[in-house]
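**Student:** With the input below, show me the fold.
(2 chains, ligands or ions: 3)
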Amino acid sequence: MDEEYDVIVLGTGLKECILSGLLSVDGLKVLHMDRNDYYGGESTSLNLIQLWKRFRGSDKPPAQLGASRDYNVDMIPKYIMANGALVRVLIHTDVTKYLSFKAVDGSFVYNKGKIHKVPATDMEALKSPLMGIFEKRRARKFFIYVQDYKENDPKTHEGMNLTRVTTKELIAKYGLDDNTVDFIGHALALHRDDNYLNEPALDTVKRMKLYAESLARFAGGSPYIYPLYGLGELPQAFARLSAVYGGTYMLNKPECKVEFDEEGKVCGVTSEGETAKSKKVVCDPSYLPNKVRKVGKVARAIAIMSHPIPNTNDSNSAQVILPQKQLGRKSDMYLFCCSYSHNVAPKGKYIAFVSTEAETDNPQSELKPGIDLLGPVDEIFFETYDRFEPVNEPALDNCFISTSYDATTHFESTVDDVLNMYTLITGKVLDLNVDLSAASAAEE
Amino acid sequence: MASSANKNINAKLVLLGDVGAGKSSLVLRFVKGQFVEFQESTIGAAFFSQTVAVNDATVKFEIWDTAGQERYHSLAPMYYRGAAAAIIVYDITNQASFDRAKKWVQELQAQGNPNMVMALAGNKADMLDGRAVAPEDAQTYAQENGLFFLETSAKTAANVNEIFYEIAKRLPRLQQTPNPSGMVLVDRPTERANSASCCS
Ligand SMILES: Cc1cc2nc3c(=O)[nH]c(=O)nc-3n(C[C@H](O)[C@H](O)[C@H](O)COP(=O)(O)OP(=O)(O)OC[C@H]3O[C@@H](n4cnc5c(N)ncnc54)[C@H](O)[C@@H]3O)c2cc1C
Ligand SMILES: Nc1nc2c(ncn2[C@@H]2O[C@H](COP(=O)(O)OP(=O)(O)O)[C@@H](O)[C@H]2O)c(=O)[nH]1
Ligand SMILES: [Mg+2]
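**Tutor:** Ligands and ions are numbered 1, 2, ... in the order given. Next up is the predicted model:
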């Protein structure tokens, strides 16, 4: 490793691996190291033994749970919007060939104490028990407006300039009640708080369209897809891309100390007494703790169950969004469930996650409303982790640090962070205009 | 995962072994019929497919080369995932590479699919002058561990096609996929399929 590299990447989380792949494809000489002996860092997937080691300090999980290797438990669980930004990156980089996906069975929202399917189209709105009969008709009209809306076709705008009109004003025009607005904003447009109501409506309309288009894409019960064997496959696939384009991989490298010159600029990375030279370092917050600050805390429960989440139509994979208002909280809560159907658990077992941004000093009890929806569990683990963001000036020190994944972060912001970092590192803008309509799914 | 329909079998095949044993050369010989004496690892190529016809079936191998990730023991579990076959390669002129081949076999037995067809290739068989590993030792080891063994040469092409044919013959004909398989997102309209049926 006593060589000079264009870029040294530290940590093999999803963001670092995507960047490593993009930079290697660009022809840069990349050295990619991780202190752990596995890929994925915080965004890895664990088998049962690893899970027990992490949460129970023992390497003997109960035998009735089945074989350790049948489990792939995500540490950062997320579903992928079928037409979303991450899918564009996957197609752009052609790493799709290393991965296999399946649609997620169901997308649900918690409303007045009950779980409901998220209605995403005018037809579904008419059928949804979420709304009364008159409200359904109003919602149907609004959904038709959104479906027909085309940014570059003023005829579809009905005289409103959505870059000026706020979401609140647009919704007022259709006379929707707060309850309806709540599920549209949080479960369809995937907003995390209610600020969107006072912001231009265009963003929300676009998000609703993305949801509906993603839903239509695979004719499944949700707009989401998820890789077989868990999200831990994603960093591995991008790492492989990087390696195929000449990137050098070293796992299990202790320390990984970033070295600076007199001016405070990066000059290399030292591990086990050897220093690799480089003028640029890309890393996750844990490798440069002095250049990041804490911005929040995620509370999370991971459950192993012998049944799907109750009231989700026996979905083998599902997401339930619990909007903040329904719980009297500041941030939404999320349930995530997956199983054998995505090869993340043995037959008959289900992995469920409850996560939210911690708002109190007792995060475990904050998760209760979500946990109560799971029914009996075989095992449950609690965890909190701090989120960090960089505070350095990359132009001065040439350190490019990613932001931590949050409970409330999905892949769109993951991809945004990656694209911004890519531009900072290379001075180039990545064009993600892949042909999504041509992209489809082929059976393996 | 090997899956069969009308005796068309798709099988993922992975290569393992020390840097320099000749993994990439074996693939290049098999897929393109070429050999390059001092080749730098080809950038951008680590994924090949090649079809082999045996008596009762056509086997399409999806061949995964290591892309150099074996150098610092940084191969990802994804690499082994779903592999129906593996060729573990060592260099007959290098005893250490044979010792490490055994480590790879252990790794596969731990990580890989239990029905995997495993072949042990003693490569560079053209370099008899430099031989350091006796074929008998390799044969004994292979037998004890459920592999089949051939000495190969990517340079002269000796036994290269044979090792792939032998794997094709040994692949289970009616392999059950553990689970309805997923879908591959592709960017080619020609491969567009009605996906509604595949993601139940
Ligand atoms: C455990 C769990 C936790 C989840 N946490 C969240 C969460 O915290 N927030 C969330 O929105 N979804 C969350 N989801 C839903 C889901 O993960 C994401 O909606 C989905 O992953 C988005 O996938 P994508 O990035 O491929 O698609 P995207 O392209 O991200 O599709 C989502 C659309 O909504 C927009 N969007 C949604 N939310 C935001 C946001 N917070 N910031 C900026 N743009 C946004 C995006 O711009 C995009 O247009 C969670 C799901 C689970 C199972
Ligand atoms: N003489 C001889 N040389 C070989 C043979 N196979 C590979 N080589 C050479 O060994 C070196 C390493 O081969 P390569 O395929 O890159 O090994 P890999 O690291 O296992 O992929 C190259 O210089 C090859 O030309 C062989 O069968 N005979
Ligand atoms: Mg090679």
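**Student:** is the top strand by length along chain B anywhere near ligand 3?
**Tutor:** Scanning chain B for the strand with the most residues, using DSSP state E, yields strand B:8-17. No: residues of strand B:8-17 contacting ligand 3 under CB under 5 Å from the ion: none, with a closest distance of 8.0 Å. C-betas here are computed from N, CA, C, even on glycine.
**Student:** and the next helix or strand after that strand, what other elements does it pack with?
**Tutor:** Counting by DSSP states H and E, the element after strand B:8-17 in chain order, helix or strand, is helix B:23-32. Counting by 3 or more CB pairs under 8 Å, 6 or more residues apart in numbering or on different chains; DSSP states H and E, the packing neighbours recorded for helix B:23-32 are strand B:8-17, strand B:47-54, strand B:57-64, strand B:85-91, strand B:117-123, helix B:160-170.
**Student:** closest one to ligand 1 among the ones you listed?
**Tutor:** Nearest to ligand 1 among those is strand B:47-54 (24.6 Å), distances taken as CB to the nearest ligand atom.
**Student:** quick one: buried residues of the closest one?
**Tutor:** Buried residues in strand B:47-54, counted by 16 or more other CB atoms under 10 Å in any protein chain shown: B:47-48, B:52, B:54.
**Student:** what does stretch B:70-79 give?
**Tutor:** Residues of stretch B:70-79 classed as buried: B:70-72, B:74-79 (neighbour count, 16+ other CB under 10 Å).
**Student:** B:His73 is in contact with A:Asn252, isn't it?
**Tutor:** Yes: contact criterion CB atoms under 8 Å: B:His73 and A:Asn252 qualify, at 7.5 Å.
**Student:** if we can go back for a sec, make a markdown table from the buried residues of stretch B:70-79 and add pLDDT and secondary structure to it.
**Tutor:** As requested, the buried residues of stretch B:70-79 are exported to a markdown table (pLDDT from 0 to 100; DSSP: H, G, I helix; E, B strand; the rest coil):
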| residue | pLDDT | secondary structure |
| --- | --- | --- |
| B:Glu70 | 85 | coil |
| B:Arg71 | 85 | coil |
| B:Tyr72 | 85 | coil |
| B:Ser74 | 86 | coil |
| B:Leu75 | 86 | coil |
| B:Ala76 | 88 | coil |
| B:Pro77 | 85 | helix |
| B:Met78 | 88 | helix |
| B:Tyr79 | 88 | helix |
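**Student:** Which of the residues you listed sits closest to ligand 1?
**Tutor:** Using CB to the nearest ligand atom, the buried residues of stretch B:70-79 come closest to ligand 1 at B:Met78, 20.1 Å.
**Student:** Quick one: residues contacting the closest one.
**Tutor:** Listed by CB atoms under 8 Å, 6 or more residues apart in numbering or on different chains, the contact partners of B:Met78 are A:98, A:229, A:233, A:236-237, A:240.
**Student:** Could you rerun that using 10 Å?
**Tutor:** Neighbouring residues of B:Met78 by CB atoms under 10 Å, 6 or more residues apart in numbering or on different chains: A:39, A:98-99, A:227, A:229, A:232-237, A:239-240, B:64.
**Student:** what bits of chain B have low per-residue confidence?
**Tutor:** Low-confidence segments of chain B, defined by pLDDT under 70, are located at B:1-6, B:39-45, B:174-181, B:186-200.
**Student:** mind running it again at 50?
**Tutor:** Along chain B, the model assigns pLDDT under 50 to residues B:4-5, B:188-200.
**Student:** Who are the packing partners of whichever helix in it runs longest?
**Tutor:** Ranked by residue count and defined by DSSP state H, the top helix of chain B is helix B:95-111. Secondary-structure packing of helix B:95-111 (3 or more CB pairs under 10 Å, 6 or more residues apart in numbering or on different chains; DSSP states H and E): strand B:8-17, helix B:77-80, strand B:85-91, strand B:117-123, helix B:135-144.
**Student:** pull the CA atoms of whatever helix or strand comes next after the last one into CSV?
**Tutor:** By that I understand helix B:135-144. The helix or strand immediately downstream of helix B:135-144 is strand B:148-151, counting by DSSP H and E. Extracted in CSV, the C-alpha atoms of strand B:148-151 (Å, rounded to 0.1, in the frame of the first residue of the first chain):
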residue,chain,number,x,y,z
PHE,B,148,-12.9,-33.0,-8.9
PHE,B,149,-9.4,-32.2,-10.0
LEU,B,150,-7.7,-31.4,-13.3
GLU,B,151,-4.4,-29.9,-14.2
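**Student:** Pairing partners for strand B:148-151, with directions?
**Tutor:** Sheet pairing of strand B:148-151 (DSSP bridges) gives strand B:117-123 (parallel).
**Student:** quick one, the partner strand and helix B:160-170 angle?
**Tutor:** Orientation of strand B:117-123 against helix B:160-170 (axes from the mean of the first three to the mean of the last three CA atoms, to 10 degrees) gives an angle of 170 degrees.
**Student:** Now do strand B:117-123 against helix B:23-32, angle only.
**Tutor:** Inter-element angle recorded for strand B:117-123 and helix B:23-32: 110 degrees (by the same axes, to 10 degrees).
**Student:** Is ligand 2 within reach of strand B:117-123?
**Tutor:** Yes: applying CB under 6 Å from any ligand atom, one finds strand B:117-123 touching ligand 2 at B:Asn123.
**Student:** Any part of that strand near ligand 3?
**Tutor:** No: for strand B:117-123, no contact with ligand 3 is found by CB under 5 Å from the ion; the gap never falls below 11.8 Å.
**Student:** That strand to helix B:95-111, inter-axis angle?
**Tutor:** On the basis of the same axes, to 10 degrees, strand B:117-123 is oriented at 170 degrees to helix B:95-111.
**Student:** Confirm B:Asp126 sits in a helix?
**Tutor:** No: judged by DSSP: H, G, I helix; E, B strand; the rest coil, B:Asp126 forms no part of a helix; its state is coil.
**Student:** contacting residues around A:Phe260?
**Tutor:** Applying CB under 10 Å, 6+ apart to A:Phe260 gives the contacts A:266-268, A:281, A:397-399.
**Student:** tell me the phi and psi of it?
**Tutor:** Per-residue torsions, A:Phe260: phi -120, psi 150 (degrees, to the nearest 10).
**Student:** Go ahead and confirm B:Tyr72 touches A:Ser271.
**Tutor:** No: assessed by CB atoms under 10 Å, B:Tyr72 is found out of contact with A:Ser271, at 11.3 Å.
**Student:** Quickly list what's touching both of the two.
**Tutor:** Residues touching both B:Tyr72 and A:Ser271 (CB under 10 Å, 6+ apart): A:1, A:33, A:250, A:252-253.
**Student:** Which residue in the residues you listed has the weakest pLDDT?
**Tutor:** Of all the shared contacts of B:Tyr72 and A:Ser271, A:Met1 carries the smallest pLDDT score, 66.
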